[in-house]
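**Student:** What would the 3D arrangement of this be:
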Amino acid sequence: MSAADGAWFPTCAELAVDSYRLIDLGRAADTAALFAEDAQYVTPLGTMRGRAQIASAMAKRQADTARRTRHVLGSHSVRSIDGSTAEATFVLTVYVLSDPDDVRLTPSVLADVTDRYAMDDGQWRIAHRTLDVVATRA
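**Tutor:** Okay, here's the model as predicted:
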């Protein structure tokens, strides 16, 4: 499946959505399989290098069962770079639902995300993700 045949578009868009949906479903550790073996995940807190580091971080997130979240993606734009690479940009809004006394639905994080997708063993995977926080609730 090359970028030239157009079949890359739904697959790449679904990778972004699925990566955050798994976190919201309490299955954060499963997101590591969506990343390439040598992927990089850049956040304001640091850079994770490789699927193993991403898996470790996501396993810790999954273990934090008290933290309930919903990730909402918007302004999604996906474009082909070449036959084996695509890129997406989107806005990510994170709602934290962990406090039962806080019934206000206020976003906790607003971020710009850029994903680079690449073919990895015949499958599209996230090769590089950059998360730039625009605003956060204190």
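**Student:** after the lowest-mean-pLDDT helix or strand in the chain comes which helix or strand?
**Tutor:** Sorting the helices and strands of the chain by mean pLDDT, DSSP states H and E puts helix 8-24 at the bottom, at a mean of 89. Scanning forward in sequence from helix 8-24 by DSSP states H and E, the next helix or strand is strand 35-43.
**Student:** Dump that following strand to CSV, keeping only the CA atoms.
**Tutor:** Taking Å, rounded to 0.1, in the frame of the first residue of the first chain, the C-alpha atoms of strand 35-43 are listed here in CSV:
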residue,chain,number,x,y,z
PHE,A,35,4.7,3.0,16.5
ALA,A,36,7.6,2.0,14.3
GLU,A,37,10.4,0.1,16.0
ASP,A,38,12.7,3.2,15.9
ALA,A,39,9.9,5.8,16.4
GLN,A,40,10.5,9.0,18.4
TYR,A,41,7.8,10.6,20.5
VAL,A,42,8.7,14.2,21.5
THR,A,43,6.8,15.9,24.3
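**Student:** What strands line up against it, and which way round?
**Tutor:** Here strand 35-43 is paired, per DSSP bridges, with strand 46-49 (antiparallel), strand 123-136 (parallel).
**Student:** which one of the ones you listed lies closest to His71?
**Tutor:** Nearest to His71 among those is strand 123-136; the distance by Cβ to Cβ comes to 11.0 Å. For the C-beta atoms, the positions are set from N, CA and C on the backbone; glycine is no exception.
**Student:** just how off-centre is the closest one within its chain?
**Tutor:** Mean-position distance between strand 123-136 and its chain equals 6 Å (Cα atoms, centre = their mean, to the nearest Å).
**Student:** same thing with stretch 89-100?
**Tutor:** 12 Å.
**Student:** Over that stretch, what's the mean pLDDT, rounded is fine.
**Tutor:** Stretch 89-100 shows a mean pLDDT of 89.
**Student:** and that stretch, which residues are buried?
**Tutor:** Phe90, Leu92, Thr93, Val94, Tyr95 (16 or more other Cβ atoms under 10 Å).
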